[in-house]
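Peer 1: Pasting the sequence and the predicted coordinates here, then a few questions.
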Amino acid sequence: MILRFLSLLLLVYLLGFIFFGVTLAGPSGHQRTDAAVVITGGPGRIEHAMDVLKKGQAKRLLISGVDPSVTKKDLAARLGGMASLLKCCVDLGTESVDTRSNAEEAKRWMDSHRFHSFRLITSDWHMRRANYEFRRAFGGSGDMIVIDAVPTQPKFTTLFAEYNKYLLRRISAIVE
């Protein structure tokens, strides 16, 4: 009986992983929001967020999880000539160290600017957990979150690790 139960748990776990891997989020399209929040840590994320800002799909951008030593001048050099856009419309969030604190930092930033809608930008494989953390942080605030995932080609190990982080976070939230 115990072996059957454990086999069932393993099957559910594996099916969940398959579902997780084949249903990665994608780009949001052209929906306009008050702001955009990008979580650092993956290739193409900041570039995509700057493109969103440049196209006028958001008024302002928070880059969350920036190393405190990084400046807007550093980013302008990396991004090639976006100094004026960085100066006027981008804030660097240096308080967060993980996805959960990214969400908390973004909530404070959104409240301080009185924004009510934003697009969440991160890698496709990271979006499910990021969206979960942001929805928890924003609670019943009524703020609209638009998912805008940067497409990637994640390795099996990346997906497997992220799936387990997501499951553990969901379980820990139940225990809290």
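Peer 2: Looks like it came in fine. Numbering: from 1, shown residues only.

Peer 1: going forward, measure contacts and count neighbours with C-alpha atoms only.
Peer 2: Fine.

Peer 1: and the residue lying farthest from the centre of the chain, what pLDDT?
Peer 2: If you look at how far each residue of the chain sits from its centre, by Cα atoms, centre = their mean, the farthest one is residue 1, at 41.3 Å. At residue 1 the predicted local confidence, pLDDT, stands at 88.

Peer 1: now do residue 142
Peer 2: Model confidence at residue 142, expressed as pLDDT, equals 81.

Peer 1: Now do the strands in the chain.
Peer 2: Ranges of strands in the chain, per DSSP state E, are 35-39, 60-64, 90-93, 117-123, 144-150.

Peer 1: closest one to residue 12 among those strands?
Peer 2: Go through those one by one with Cα to Cα and the one that ends up closest to residue 12 is strand 117-123, at 25.3 Å.

Peer 1: Who are the contact partners of the residue nearest the centre of the chain?
Peer 2: Central residue of the chain (Cα atoms, centre = their mean): residue 122, 4.0 Å from the mean position. Shown in contact with residue 122 (Cα atoms under 8 Å, 6 or more residues apart in numbering): 38, 39, 40, 42, 45, 130, 148, 149, 150.

Peer 1: what is it paired to in the beta sheet?
Peer 2: Note on residue 122: beta-bridge partners residue 149, judged by DSSP bridges.

Peer 1: related to what we said a few turns ago, closest to residue 157 out of the strands of the chain?
Peer 2: Residue 157 lies closest to strand 117-123 among the strands of the chain, at 15.0 Å (Cα to Cα).

Peer 1: show me what contacts residue 39?
Peer 2: With the criterion set at Cα under 8 Å, 6+ apart, residue 39 makes contact with 45, 63, 64, 65, 99, 102, 121, 122.

Peer 1: Tell me the most packed of those, by neighbour count.
Peer 2: Using other Cα atoms under 10 Å as the neighbour test, the contacts of residue 39 are led by residue 122, with 30 neighbours.

Peer 1: Look up how far residue 85 lies from that residue.
Peer 2: When distances are taken as Cα to Cα, to the nearest Å, residue 122 and residue 85 turn out to be 20 Å apart.

Peer 1: Kindly report the same for residue 23.
Peer 2: Following Cα to Cα, the distance that separates residue 23 from residue 85 is 34 Å.

Peer 1: Those two - which one has more neighbours?
Peer 2: For residue 23 and residue 85, the more surrounded residue by other Cα under 10 Å is residue 85, and the numbers stand at 15 against 11.

Peer 1: roughly how far apart are that one and residue 59?
Peer 2: The separation that residue 85 has from residue 59, given Cα to Cα, amounts to 11 Å.
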